[in-house]
Each structure stands twice: as structure tokens, then as C-alpha cells.
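Visitor: With the input below, show me the fold.
(2 chains)
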Amino acid sequence: MTDNIVEIDNLSFSYNNRLLHQDINMRFPRGKVVAIMGGSGSGKTTLLRLIGGQLKPKTGAVRVTGKIVHEQDDAGIYQLRRKMGMLFQFGALFTDLSVFDNVAFPMREHTNLPESIIRDLVLLKLHAVGLRGARDLMPSELSGGMARRVALARAVALDPSIIMYDEPFAGLDPISMGVILNLIRSLNDALGATSIIVTHDVHETFAMVDYVYFVSAGRVVAEGTPDDLRQSALPFVHQFVHGEADGPVPFHYNAPDYRQDLLRGAHA
Amino acid sequence: MRRIIGRIYCGVRMLERLVNTIRGIGHRTVDRVHRLGFAARFFLYSLTCSGESFRRFPLVIKEIYFTGVLSLIIILVSALFVGMVLGLQGYNTLQRYGSSEAVGVLVALSLVRELGPVVTALLFAGRAGTAITAEIGLMKATEQLSAMEMMAVNPIARVVAPRFWAGVISMPLLAALFSLTGVFGGFLVAVPLIGIDDGAFWSQMQANVDFREDIVNGVIKSMVFGVACTIIALFEGYDAPPTAEGVSRATTRTVVNSSLAVLGLDFIMTSFMIHGGN
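Guide: Residues are numbered from 1 along each chain as shown, chains lettered A, B, ... in the order given. Modelled structure (predicted):
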């Protein structure tokens, strides 16, 4: 048995009777940084929620450390989630708690550590993301990039073995993006964790990850190392990697013929 | 021939519209019942998750501050005015029958039995209920509740249950303060302003307000309103679609549903509490 911390086998998932995923197979080896890429609305975030057990698959299974996620009871799922850290798209910091209390939140909920040790641990985590000085600020006083870094500190507060990132680069300026990129890699290696990144930022991601899965229309259409994929001849991958406006993913939403549509007039 | 086809077409269209209307009514009814069931399950689940709220009571105290203490100003100011108006109106009517000293009884009974619990609940729904709905709705929209779940913390136990108990504890206290301030407002108008004898004002009140029949019943009412208003506010927030529009609609629904629930429950409880000929 290979050392995969997360395995997705033949997974199908439907939402409101709409099939979102079909026959998804993915492997996330321990210690690696793996990206799941695809266009907006291709159900990438849903995959993270399936791994976290917030959604149940229709068929197939997600295994985390060998345990099938959807077969766990509440206590079992909570047990698994304690090994996971997740960075949400816009941080999802608790707006009524300060930066310090946000990072301390998981520690206070799950450990009985004395306040003095929690303080040291929080400062350690905040120092790692460079925001030790911002500990007393409220989330509303942070910029997008800073909020993302605080959320990252919170996600790794309990030293998880799996860190999931949901669109970690969305809406960031290039400097913040570079900071987050470095943090993802360095935290992964420092903690000996496995990272799963859901994103559509090709160039930033390719520079840092070990392996990439491409998802389109609910299926895995391509996978490989960044170098493999850069040279991929698959039309979808080529279009995506090179950011071309038209290709297998059409520019136009499904519509009747343009000429016919115009000729029909307003009262058709 | 053409006219016949036209008529048939018209008939079919009308039938279709009729069927659609009936289908719409059915759909809406089923939807409401479904939501009601979901709300009931939400309520029960919040109760079963309440253990932690009592083990970590500071969480509840913090919420009592947000729902109860911050509602004080609007409650107290409204109570003062309601009491003053009751004093004026009561005096105006009672003096025709030569019993203007009874204005104290009138003010106290109307406040303790009805206006105290009901107006407090309506104001609570507007002030604290909307705040709860908006807060929880936004926590959902900004994925804070999801984040909590992913941190293996149950949001019902951590976010919903403390707010529920805070509301249930705050409401009777607020209603009591409302009645107290209202009586004081009535006193201000009746005694210093109109010149009713203050001995008669207070002693009649003391003689005619019954502890069990009036005060305890008022407290029971405000407790029930506390449960209803808080659970409606929490449920609407938790059930809101995670968008700006969804949250704003949920906030409106909180006020509408809470107000209707309060007035409906008030009628039901009053009809059980009032004994004929008493």
C-alpha cells in the first residue's frame, strides 16, 4: 500500500439532482503539495467539502488516513477533521474575535492548555505568517492578504497533517500572492503536512506544486506534474494553461444561432 | 372552425392557469410545512446541544450582553412613553366615572399582563432578533460556520445554543424592566402632572394587582415569547441563503414571523389564563 493520506475512489456526487462529479479518482501522497485545477463552477470546492465530510458522495468513497469519510459518525468525522486544516476562500475569520483569538480558537476548543502556553503557540503561528504585530487587530481592520495569512495561521494552529486551500490566491495583489505561495510551500514542508490546493491560477501554482489534477465538467481530464502538463497536447489543458479565450471551453454560453436570433425580432 | 379552435385554445390556457395556481398553492404549503419541520428539528437539536452553553456559561453571558443589555435603551425609553400615554388615556376615561385614582391599577395591570411582555417581545424582535439573524446569516455567508465545522467545532453548540439561552434569559428580565419603567411613567403623568393623590395611586395598585394571576402570568408569557423570538431569529439566520440578498430577506422575515408568533401566542396564552367572570 502506497502512502496516500487522502484517496478518492470512483467518486460521484450530485447536488439537486444535477451530477457534479463522475468517477473521480485522486491520490494525495503524504508530504506533497497537490493542486486541483479547473474553471469556475467546475465543482473544485465541492471536492474539498467531500474530503472534509461536509458533503456525502453519491457513490464511491473518500478515504482519509485509510478511513472512509462518509461512513464515520459525527464523532468520527470530528476526529478526522482535527487532522485537517482548511483555508477558506476569503479567510472566514470570526468577525467578532481579534486576530489573536481567531488563531487561539481551535486551541481553546480542543485542548486544555493553560492560557500562557496558548499565548506562546499563537504568537509562534502568527510569527510564521509574519503577523505577530497584528495580534490585537480585528478582522475588519485587515487587508485581504493579511486576513488570508491570519486564516492560514488559524488553519495550522493544531499542526494538521492535511491542509486544504480553497482558492487561496483569489483577489490578491501580486505581492500578497507571492507571500501566500511561499507560505503554503514552507508550512507544508515545515509541518510535514500534505497540502491540497484548489485554484485556477496556473502560473503561480505550477511554480510550486508537486502534482496537478485538472477537473472539467465533473471529471478528471488530465493529471501530472506541472512540467508534463505544460507540454500537454490535450486541448482543454492547453487552453487552460495558456489562458486562451476560445477552445474546447467555448466563449459563448449555449445559444441559438446568432443570425437566426437577431432576425427573429423581439416578439418571437 | 377557426373560432372553435380559438375557443378551445382559450379554454386550455385558462385550465392551465388554474392548474398552475393550485399547484403553486400546494407547493407553497408543502414548502412551509417542510420549513416548519426543519425549524422544529433545529429547535430540538439546539436544545440537545445546550449542555456546553451551561458548562461554559461566559459564552451565554457575552450573548446576554449583546441581546439583553444593548436592547435596554430602546426598551426603557419605549416603556416610559407607553406608561405615560397609559396614564393620560386612563385618567381621561376614568375621570368620567369619578374613579381617577384607579389609573394606577389600570397602568399596572395593562403593563404587567399584556403590554410589558408583548411590546418587549416586539421591540426585542426588532432590535435583538434582527441582529441575531443578520449576524448568523453573515457568518454563514462568509463561511465562518463552515470554518467552524471544519475545525471540528459544532456551530449549533458554539454559536446557536448560547444565543438561544441568552435570549430566553433576557426576555423576562427586559419585560420586567419594561413594566417597572412603564408604571413609573404612568406615575409621572398621574401624580406630579395631573395631581392624583399618590397614596391612592399606589395603594390601589397594591390592592388590585395579584402576584399569581397577573405578575407570574406575565412572566410566563415573556418566557414563551423569549423562546419564540430567539429561535425564530436563530433559525432564519441559519437557514438564510448565503448571499447579501438572502440575509436581508431573512432579517425581514425574522421581524414579520416573530411579531406574528408573539401576537398569536399571546392570544392563545391569554385565553388560557383568563378565568371567566374573574
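
Visitor: Leaving out sequence neighbours, find the closest residue to A:S143.
Guide: A:S176 (7.6 Å; C-beta to C-beta, 6 or more residues apart in numbering or on different chains). C-beta coordinates here come from the backbone N, C-alpha and C atoms, glycine included.

Visitor: roughly how far apart are the one you found and chain B?
Guide: The gap separating A:S176 from chain B is 19 Å, by C-beta to the nearest C-beta, to the nearest Å.

Visitor: And B:T254, how close does it get to B:I156?
Guide: 18 Å (C-beta to C-beta, to the nearest Å).

Visitor: Count the residues that sit near B:L76.
Guide: When counting by other C-beta atoms under 10 Å in any protein chain shown, one arrives at 18 neighbours for B:L76.

Visitor: Any residues of chain B in contact with chain A? List them.
Guide: B:138-139, B:142-144, B:146-147, B:149-154, B:158 (C-beta under 8 Å from any C-beta of the partner chain).

Visitor: sorry, back to before: can you verify the residue nearest to A:S143 is assigned to a helix?
Guide: Yes: inclusion of A:S176 in a helix is indicated when DSSP: H, G, I helix; E, B strand; the rest coil is applied.

Visitor: Next, the contact list for it, please.
Guide: A:S176 makes contact with A:S143, A:G144, A:G145, A:M146, A:R148, according to C-beta atoms under 8 Å, 6 or more residues apart in numbering or on different chains.

Visitor: Pull out the buried residues from the residues you listed.
Guide: Neighbour counting with 16 or more other C-beta atoms under 10 Å in any protein chain shown marks A:G145, A:M146, A:R148 as buried within the contacts of A:S176.

Visitor: Give me the nearest residue to B:N154, chain neighbours excluded.
Guide: Nearest non-adjacent residue to B:N154 (C-beta to C-beta, 6+ apart): B:C49, at 6.4 Å.

Visitor: Make sure that neighbour is actually in contact with B:A161.
Guide: Yes: the pair B:C49 / B:A161 is scored as a contact, 5.0 Å apart, by C-beta atoms under 8 Å.

Visitor: more neighbours, those two?
Guide: B:A161 (26 against 18).

Visitor: roughly how far apart are the more buried one and A:Q54?
Guide: According to C-beta to C-beta, B:A161 and A:Q54 sit 20 Å apart.

Visitor: farthest-separated two in the contacts of A:S176?
Guide: Greatest spacing in the contacts of A:S176, by C-beta to C-beta: A:S143 and A:R148 (9.1 Å).

Visitor: ok, how many other residues are close to residue 173?
Guide: I'll assume chain A. Around A:D173 there are 11 other residues, counting by other C-beta under 10 Å.

Visitor: Switch to chain B, please.
Guide: B:L173 has 18 neighbouring residues, counting by other C-beta under 10 Å.

Visitor: lowest average confidence, helix or strand, in the chain?
Guide: Looking at chain A here, since you left the chain open. Here the helix or strand of chain A ranked lowest by mean pLDDT, DSSP states H and E is helix A:235-242, holding a mean of 80.

Visitor: look at chain B instead
Guide: In chain B, the helix or strand scored least confidently by mean pLDDT, DSSP H and E is helix B:51-55, which has a mean of 85.

Visitor: So the nearest residue to A:H70 once chain neighbours are set aside versus A:V69, what's the distance?
Guide: Nearest non-adjacent residue to A:H70, counting by C-beta to C-beta, 6+ apart: A:K56, 4.6 Å away. From A:K56 across to A:V69, the span is 9 Å (C-beta to C-beta).

Visitor: With B:L109 instead?
Guide: 61 Å.

Visitor: where does the stretch 101-250 of chain B have low pLDDT?
Guide: Applying pLDDT under 70 to the stretch 101-250 of chain B flags no residue at all.

Visitor: can you give me the helices in the stretch 151-278 of chain B?
Guide: For the stretch 151-278 of chain B, the helices defined by DSSP state H, counting those that start in this stretch occupy B:155, B:161-188, B:198-208, B:217-239, B:244-273.

Visitor: quick one: B:L234 and B:R163 touch, right?
Guide: Yes: between B:L234 and B:R163 there is a contact under C-beta under 8 Å: 6.0 Å.

Visitor: Need the residues touching each of the two.
Guide: Both B:L234 and B:R163 are contacted by B:I132, B:I136, under the criterion C-beta under 8 Å, 6+ apart.

Visitor: show me what contacts residue 169?
Guide: In the absence of a named chain, this looks at chain A. The neighbourhood of A:F169, defined by C-beta under 8 Å, 6+ apart, consists of A:M177, A:I180, A:L181, A:T199, A:D201, A:E204.

Visitor: not quite, I wanted chain B
Guide: The contact partners of B:I169, taken as C-beta under 8 Å, 6+ apart, are B:V60, B:I64, B:G68, B:G226.

Visitor: could you dump the residues you listed to JSON lines with distance to B:S203?
Guide: What follows is the contacts of B:I169, written out as JSON lines (distance: C-beta to C-beta, whole Å):
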{"residue": "B:V60", "distance to B:S203": "40"}
{"residue": "B:I64", "distance to B:S203": "36"}
{"residue": "B:G68", "distance to B:S203": "33"}
{"residue": "B:G226", "distance to B:S203": "33"}
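
Visitor: quick one: low-confidence parts of chain A?
Guide: A:1-2, A:266-268.

Visitor: and it, which of its residues are near chain B?
Guide: In this structure, chain A approaches chain B at residues A:49, A:52, A:54, A:77-79, A:81-82, A:84, A:86, A:88-90, A:92-95, A:105-106, A:109-110, A:151, judged by C-beta under 8 Å from any C-beta.

Visitor: Filter those down to the ones in helices?
Guide: Among the residues of chain A next to chain B, the ones falling in helices (DSSP state H) are A:R49, A:I77, A:Y78, A:Q79, A:R81, A:F105, A:P106, A:E109, A:H110, A:A151.

Visitor: Touching, the last one and A:Q89? I think so.
Guide: So that's A:A151. No: contact criterion C-beta under 8 Å: A:A151 and A:Q89 do not qualify, at 9.7 Å.

Visitor: neighbour count winner among those two?
Guide: Each of A:A151 and A:Q89 has its neighbours counted (other C-beta under 10 Å); A:A151 has more, 27 against 18.

Visitor: So the closest residue to that one other than its chain neighbours versus B:Q144, what's the distance?
Guide: Leaving out its chain neighbours, the residue that sits closest to A:A151 by C-beta to C-beta, 6+ apart is A:G91, at 3.7 Å. Per C-beta to C-beta, A:G91 is found 9 Å from B:Q144.

Visitor: next one: B:A228
Guide: Distance from B:A228 to B:Q144, counting by C-beta to C-beta: 26 Å.

Visitor: just checking, A:I8 is part of a helix?
Guide: No: secondary structure of A:I8 (three-state DSSP): strand, not part of a helix.

Visitor: ok, what's across the strand from it?
Guide: Taking DSSP bridges as the rule, A:I8 bridges to A:M26, A:V62.

Visitor: So which bits of stretch B:189-206 are buried?
Guide: Neighbour counts over stretch B:189-206 (16+ other C-beta under 10 Å) mark B:V189, B:A190, B:V191, B:I196, B:A200, B:F201, B:Q204, B:M205 as buried.

Visitor: What number of neighbouring residues does the nearest residue in space to the first one that is not next to it in sequence come out with?
Guide: With C-beta to C-beta, 6+ apart as the measure, B:G87 is the residue that lies nearest to B:V189, at 3.3 Å, once sequence neighbours are left out. For B:G87, the count of nearby residues is 27 (other C-beta under 10 Å).
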